[in-house]
Structures are given as C-alpha cells and as structure tokens.
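>>> Sequence below, structure please.
(2 chains)
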Amino acid sequence: MKILKYPFIALLVSFSFMSCSSDDDTPEVINEEEVITTMNVTLTNGSQVITLQSQDLDGDGPNDPVLTVSGNLAANTTYSGVIELLNETESPAEDVTEEVADENTDHQFFFITGGSAIASTSYSDTDDDGKPLGIDFSLVTGSAGTASLTITLIHQPDKDASGVSDGDITNAGGETDFTATYAITVE
Amino acid sequence: MTTQSSSVLTYIFNMKKLFVTIIFVVISMIASAQKCSYTFKGKITDYHDGSPLFGALIQIIGTDVEVYSDFDGNFKIENLCEGTIELQISHPECDSILKTIAIQGDTTENIKLEHHLEEIGEVIVTDNHLKSTTNSGAESTISEKVIQQYSNGSIGDALKEISGISSLNTGGSIVKPVVNGMHSSRVLIINNGVRMQDQEWGVEHAPNVDINTASSITVVKGASALRYGGDAVGGTIVIDGTQPLKADSIYGKTVLTGVSNGRGGSITSSIISTKKSGWYAKGQGTFKYLGDYEAPDYILSNTGSREKDFSIGGGLRKLEYGFNTYYSYYNTQIGILRASHIGSVSDLVKALESNTPTVINDFTYNINAPYQDVTHHLAKFDFYRRFSELGKLSFQYDFQKNNRKEYDIRRGDDKDKPSMDMVLNTHSLSTVFDFDAVQSNKFSIGISGNYQKNTPNPETGVRRLIPDYEQLNLGVFGSLDHQLSENTILDIGARYDFNHIDAKKYYITSRWVERGYDEEFADIIVDEYDTQLLTNPIFNFHNISGTIGLKTVLKNNNNLLVNVSLASRSPNASELFSDGLHHSAAIIELGDLRMKQEVSKKLSLNYSKQSNNISFDINPYINLIKDFIVLQPTGIEQTTRGAFPVWEYSQINALFTGIDASLDYTIVPNLSFSSKAAYIYAQDTENDRPIIDIPATNWTNSILFTRSDWNSFEAGLKYETVFKQTRFPNNDFDISYTTTTNGTITKTVALSEPPKGYGLLHFNTQCTFNWFKKSDLTVGFSIQNLLNTRYRDYLNRQRYYADDLGRNFKVQLTFTY
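Modelled structure (predicted):
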C-alpha cells in the first residue's frame, strides 16, 4: 500500500497550485486603440468654413455613426479640404491623422461623389513615393443642387493598380479603415 | 432408555476414537519429521480474473521434478522433504515466475500468473476503459501507418479517413475535426489521456496536438465515452501515444516529408527505451516549415506555416502498479490568407464578386499579419495500482497552458502587437476505479475535477473577445458492462457534471443596453467607466448525461451495436460572452448571458461484418438536440468602417440524422477496393430551416495494389467526391454602399450558397526496404489533387476569397530502427 501515498502527495501539490493561481485581480479596462470614432472634414474657401463630421462614440458598438454637415456650400467654388481622424474613446482623444501621415504609403483616402452639385475632387498632397494620400484635398462645386460625398480611408491599398492614383477605388484592394457618406447641399 | 444410553456410549466411544486418531496422526507427523513425505499443492490462477490456468509447468529448480496444472489449475508435488524449495512456474501465454517456498509439513500455496502477456500493453495503458465504456458506441480507429502518411499535416486531415468525419478549415493549415456535423466544444479531444483545453471554442482554433505523437486515434461518435466528459454532443477523439514494449530494447523512427505545394516539409523523430522490468523512457520531436500554399492558378499569399513540437515521457509499467509522466510542447505559427482579411462589407462584396483573391503576391516563406502564434504545454502524471481479482485504481493529474496570439493588420505603434493574446491554464485531477476482475460484469466509477483560468493580456489595446474568467468543473461517473449472454453485452453509464464560471467582463455601455442586460443583469455591474461597464457574471450549470446500449455478435462475424446516449453541454465562454467584430468573417459576433446548456439525445445503430475478403460497417444515427447553440445573422449595424451584419448566438431545437458507411473488399489477393460515404441531414426544427455549415454528402472510393514479396510494394488511387450542399439557410443580406462609377448602389451579399461539388483524384505508392539488420526504410511517393482541380469547399472559411489547394507532390522517407 506504500505506493498509494503518491496520489495523495500529487493531490496536495496540485491543490497548492490551484490556490496560488486563483488570485482575485480585477482586469484593467481597455480602451480600443485602433478605433477611429470621428472624422472631421474642414472645407475652406476664403472666410467660409464648412465642417463635415461623422462620429460614432461607441466604436463597434450598436449605435450608428452620427453625421453632421455644418452648412451649405456655394456653387462653382473651389474649397480646400483637410481631414482629421480621432479616436475619442480615449481621453484626451487620440489624433489618428498623425499615424496615417506617418504611414502615408500604406494609406489613401478616396473621394466618391454622387450628383452634379460637386464637379470634382482632387488630391492636394502626396505620400513619400509621390503617390496621392488625401489628408489635404480640394473640392470644386458645380451648380446648385444636392450631392453625396463619400470619403473612404483604405489601409494597405495597391497604389500601383490601375486608376488608384487617380482616386478610383475600384482596384485599390486593401481594407476599409473608415468610410462616411455626407449629404451635401450646394446653393 | 437402553437405546438412548447405548447411543451415548457409542458417541463417546467415537469421540475417543477420533481423539486417539488425531493424537496418533500428530505424533506420527512429529515422528516422521525428517522423512521426505510431504506434499506441496496449490492452484495456478490468472492474475486478472482469478480463472484457473491449465497446463502451467511447475519445476523445482535443481531437480528433475516437474508437474503440470490440471484443468482446474490444480497441481500437486509429493514426497517433499522439509526445507526450502525454489520453483519456476511457466505457462505458454505467461511470463515465467520464480518462487521460493518453505516446506514444513504438507504445504498449500496458490499462485497467480500474469496471463495474456502479449496484450499487456493494451490491458494496462491503451484505454481498455474506453473500449469497455463504449461497447455499444459507434467508433473507428486509424492506425499508425495511416497517421504516418499525414506526418506533415494535422490530426484533422488524418481523421477524414473515417467515414462521417469531415473538417472545418480556415485555409490549408487550420483544420478542425467535424464529427457527424459537429465540431469545436462539441467534440472532446483526449490527448494521451488528457482532455485538451486549448480554446477549442473558436472555429479557427485547430487542435494543438502534434499528429506525430499519436500511434492510434479513435473516434467515438456520440457521447458514450462518459469517462472523459458528459458534453460530447458530437463525439470524442482519443489520441494514444506509443505503448512501450515490456522488453529490454531501444527503438524509434524518423519520418522525413517533402512537399511541392508549400515548398517545404517536416521531420519528426522518436525514440523509446524499454526495460523488461517495466521501466521506459521516450522522447519525440517534430519540425515543420512551409511557405505559401498554391491553388491551381495562383499563390495563396500569406499561408505559410511553422511548427515546433517535442514531447518526453517515462515511467514504470508493471502489472500490479506503475506510473507515467509526460510533457509535451507544441508551437505553431500559421499565416492567414491575406485576401481573407477585410475591413468592411463592401470589401466582402468585392471579394465575392472577384474570382481570384484580391491580394496575390510572389511566393514567399515569410509569414506576415494576419497570423496566429499558438503555444500549448501539457504535463501529466498518472499512476495505477491493480488489485488482484478486484480491478485497477488509476489516478491522474495534468496541467495545460495554452497561449494563443493572433496578429492582425494594425496601424502605428500597435503594428507588432497581437490583437489577441490569451493564456488559458487548466489543472485537472481524476481518479477511476475499474472493477474488471469479473469478465461478465465490469464496473467503473470515477471522479474528476478541474480548475481553469483564462487571462487575456490587456497590452493588446484591443477589447477582449473572451473575458477573464475562472471555471471550476466537477464530475462523477459510473459505468457497467454486463455480459447478458455469450454473444451480447449490455453497457450502461451515467455521469453528473457541475460547472461553475466566474467572469470579469467589460461591456460597452451602449451594447449592454441594446442587449437588454440593463434590466436583467443590473446586479452584476461592478464598476462604471466612461463608455464601458465592468460586470461579474457568475453561472452554475448542473448537467446529467448517460448512455445505454447493446453489443451483439451475430453469426458469421456480424456485429450489431445499438446505443442511446444523453449528453449535456454548458455554453462555452465564446457563446456566453463574445462581443466584437470578427475580421475574417466581417461580422459582429454577439454572445448571450442568458444561454442555457444544450441537451442531446442520440440513437445510433451500427451493423458491421468482418470476414476474410469483405468487411463493412453501416452506422445510421439520429440526434435530437434541445437548445442547440447556433450562430446566426440577425441584422446589420453601422460602424465608421461601414455596415456589418450582426450574428448572434441563439438556441434552437435541432435534428441531426444521417448515415456513415464504409466497405473494404479484397477483389483478388493483391488487389483491394474500399469505399466510404457519409450523409447528414440537419434541420432547425424550431424555424423549420436547414442548419448552417453542415458537411455535404461525400463518397470516397479507392483501389490498392499490394505485393508483399516486392519489398512490401503498395500503389493506390483514391477518388474523393464531395457533392454540393443543397441544404443551407439563406443568410444573404442587402447592403448599400457608394462606388465611383455607379454612385450609391444596393447589393445582395450572397454568402449563403455553398460552392459547387467537386471530385479529387489522389495517388499513393510506397515500398519498404530491409537494407539494414535492425532497421527498415520505407519510401513513399504521393500526389494529392493529381488533376490540379479547382475547387472550393463549403466547410472552408476561406472559400469566399480563394480556391482550395492545388496539386501537391509528396515524398516521404520513414526509417524505423
């Protein structure tokens, strides 16, 4: 029966294992680092400043993003645009635009318009390889009416693919980091 | 009166006579002490069940005296002198033993011999328990020879050799076994006696087992292997390692495999040293290195993989007692197809519309994000003690540590950080007593418990998909195998399990409200942060499971098994707590705190025949599952990345029924044909629609030519047919998004319809050369997907993005020594 001692020793050893591992720590809260909650687009022409915002404070949570456009654009006008991306789940909010600017060859914004009220969009900046990036862009309005403006940030696009450098998203590949469609009124 | 007194007198006289006789005998015994007239007798019996052994030879060493035991095991040696004699007792089927006997007068001693020497390995270590627990359960085993052919692959690949077993893949390297349509938490994996705790809940989490540690793999379809758990709604997979011989020997093998698809290979080597006394030590190691796989028309970019494993073990295996120690290390890195990582539903639509993956790069061995890096440690100690004519007591302690890191495509400082990094530690204790002395009534009882702690690393900067939790499980079981008649065995078993889970989980406040938890679970909130709530969900589950069945051996080697089993499975951490975006599937996956356990009732029949040239096996079954946990789409949510479909875990009533069949037929002595097929019908009886991800009907036929006199030459062709799955739920949904050319459009995301059926042809040949005195070399060559057929499989999660693997040439060298 001597041999029966071993299970009891093992039993004791394993229970002591159990007791040391069952400490009662409260896990720390994680604020999503990667989420982009907010896009602020500032369109400027002289003294006229219009802002477009898409904000989704619960990130991948159930609430939909809230879209706001601060005012109407003027017809047949060229606006210079600047995009700012924020992660507002952190406080203070993290400026994601800086990361995009740092990794400029891995990112590109695409501007897709619907309706004739926006005549064209074009890139005002380039990445380190001389390819378009889109943090700075310009927008030319057409005649009065309504239009949609979709701004999409693609991570790891294939900037050499056909049309991508001209702002055509079709062959860009990669994956969507942010997208928002704004309803624009031109008067 | 006279009669009475005379009888009393007679009585006294007789007593006197007896006394006198006794005294005379005693005196004569003392007087004749130095005479050699003693008798030594006894009975030779089987150690295990006490049955008498006929024909055992009993010799007195140093003399010519020898006798044999009779039919009742009795023997008698006469004319012995006082003193000590040394005996050698031998039997054709037993190990000889030496025994010293002191002769002081007539002596009787019963001697037990260890019968069935040739089976000793099996009796002690292979799970004869399993076999006895599942006398009536449908089970199949694959042998070491078959396992070896998959040396460079995974357990999931090898198991597909069994009819009714398919796999759920994520690309070519992540292969999960599917038993009769069920996988993940519904299939228990027992590796070297240890129930694997390797985060098996996830569909892209493959079993963390090196296939090269296995020398046999048995699949029990259904829940009848109660010893291992009562929650095997799908089945139990039992992986056993090499059983040491009981002889003085050193042996081992090395398998080298090279493959063209992936442009790499694997090497695995094992060695074992054994002693006749029962001591043994063994070691084994595996290394795999593969670059990108290739489909027939393109490179599957970022599908390379690595694997580094080793295991060591040792112990003592005597008949009466013994112990085993074992440690194994498993580490793998697996690249996930780059094109399968998408950011939004419009990316998914693009992938579905494109015939080729959206990312195809040149071949490389490099693995980039997304990829998995998984490490599994397993340590075990077990001990057994046999009690003659009673049974065997066994005890086991094991510890497992599983660390899973998943790397995603990330931005900025987080680029090299994993998106998920979880450590799951499990300690388990179990003890079982098998009363196996009486062949006709074997009884087992056991108790087991485990403690588990899951710790997600907060450094990832990504909200935890599975929260911190501690879990305690306790189970007791009992089973009986009763021989009803010479040809029929009844088996019956029952098990009770208690599961306690205590989690610390953060919820986004808006999600908490949207789930309706704010009303039902308000009392579990521990702390409130800006946008999140810390909660402490605690659940207790009580589960009952059982099995009853009959095994009958009919005439002409026909066997019939009938089994009814009841299994209860508590919801796993993923089903309870998931909440978040799943990148590869582009879905938001939501668990439910209200989840109950699911309960399965399965009836299975198995009819088989084994004869010289034909053997077959037919296994129809029906499985009714109450509160079957299923993940299905319920709507769409908008995020800043676009719209995502929401898939929620919910409970339905399900019906699974089907039939597995296999046939082996020797046409002529050197040519054999085999065939296997499986069909499953799975229905959500609550909503009256098919269940998702059920394997399509499949049928595999093969022919094999063998010539043992040509260096064990073998050559075979195999044709695998997988039909289109026509029964699937329609989970398609509409989505609006903006394109450059067409403005805002609405499209149906057609992800429900399974791909079309396909057929694959495989070729295999091998030869064994006895070039060296004590070692053999087996050379094998095979071609998988010989015709380079383009196909996509319904149960491959990457079917939306790319074709499955193209043709592969494989060369395998096996040295056994």
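
>>> so where's the chain shaky on pLDDT?
In the absence of a named chain, this looks at chain A. Within chain A, the segments meeting pLDDT under 70 span A:1-24.

>>> wrong one, I was asking about chain B
In chain B, residues with pLDDT under 70: B:1-35, B:48, B:93, B:95, B:115-134, B:583-585, B:738-743.

>>> Report the separation between residue B:489 and chain A.
31 Å (Cβ to the nearest Cβ, to the nearest Å). To be clear about C-beta, it is placed using only N, CA and C from the backbone, and glycine gets the same treatment.

>>> same check, this time on residue B:608
For residue B:608, the distance to chain A - Cβ to the nearest Cβ - is 39 Å.

>>> residues near that residue, how many?
Around residue B:608 there are 16 other residues, counting by other Cβ atoms under 10 Å in any protein chain shown.

>>> Tell me which residues touch it, please.
B:558, B:559, B:561, B:615, B:616, B:617, B:618 (Cβ atoms under 8 Å, 6 or more residues apart in numbering or on different chains).

>>> Pretty sure the fifth one sits against residue B:663.
Yes - under the criterion of Cβ atoms under 8 Å, residue B:616 makes contact with residue B:663 at 4.4 Å.

>>> For residue B:210, which non-adjacent residue is spatially closest?
residue B:309 (3.9 Å; Cβ to Cβ, 6 or more residues apart in numbering or on different chains).

>>> What is the burial count for that neighbour?
22.

>>> residue contacts, it?
B:210, B:212, B:213, B:285, B:286, B:287, B:328, B:329, B:330, B:331.

>>> swap in residue B:386?
By Cβ under 8 Å, 6+ apart, the residues touching residue B:386 are B:47, B:319, B:320, B:321, B:392, B:393.

>>> who wins for neighbours among those?
residue B:392 (22 neighbours).

>>> Check for me that it belongs to a strand.
Yes - the assignment for residue B:392 by DSSP: H, G, I helix; E, B strand; the rest coil puts it in a strand.

>>> if I look at it, how far off is residue B:442?
11 Å (Cβ to Cβ, to the nearest Å).

>>> list residues touching both of these two?
B:434, B:436.

>>> For residue B:523, see how far away the residue nearest to residue B:210 is.
46 Å.

>>> Residue A:101 now?
47 Å.

>>> The two: who's more crowded?
residue A:101 (14 against 7).

>>> Please report the distance of that one from chain B.
Distance of residue A:101 to chain B, given as Cβ to the nearest Cβ: 11 Å.

>>> which secondary structure element contains that residue?
Following DSSP states H and E, one finds residue A:101 within helix A:96-102.

>>> Likewise for residue B:376?
Judged by DSSP H and E, residue B:376 forms part of strand B:371-387.

>>> Listing partners with orientation, what would you give for that strand?
The strands beside strand B:371-387 in its sheet (DSSP bridges) come out as strand B:321-335 (antiparallel), strand B:391-407 (antiparallel).

>>> Tell me the helices and strands packed up against the next helix or strand after the first one.
So that's strand B:321-335. Once the chain leaves strand B:321-335, the next helix or strand it forms, by DSSP H and E, is helix B:345-353. With contacts taken as 3 or more Cβ pairs under 8 Å, 6 or more residues apart in numbering or on different chains; DSSP states H and E, helix B:345-353 sits against strand A:175-186, strand B:642-668, strand B:733-739, strand B:743-749.

>>> Helix B:345-353 vs strand A:175-186, what angle?
120 degrees (axes from the mean of the first three to the mean of the last three Cα atoms, to 10 degrees).

>>> Show me chain B divided up by domain.
Domain assignment for chain B by automatic domain parsing gives B:1-31, B:34-115, B:119-228, B:235-354+B:374-816.

>>> Residue B:261 is in contact with residue B:806, isn't it?
Yes - shown here, residue B:261 and residue B:806 form a contact pair, counting by Cβ under 8 Å, at 6.3 Å.

>>> what residues are shared contacts of those two?
residue B:294.

>>> one step back: got a quick ChimeraX command for the buried subset of the contacts of residue B:608?
Of those, the buried ones can be selected in ChimeraX as follows, counting by 16 or more other Cβ atoms under 10 Å in any protein chain shown:
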select /B:561,615,616,617,618
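
>>> can you name the two of the contacts of residue B:608 that are farthest apart?
With Cβ to Cβ as the measure, no two of the contacts of residue B:608 lie farther apart than B:561 and B:615, at 15.0 Å.

>>> tally of neighbours for residue B:661?
That count, for residue B:661 with other Cβ under 10 Å as the rule, works out to 18.

>>> wait, isn't it in contact with residue B:163?
Yes - Residue B:661 lies in contact with residue B:163 (Cβ under 8 Å); the separation is 6.1 Å.

>>> so residue B:504 bridges to which residues?
residue B:468.
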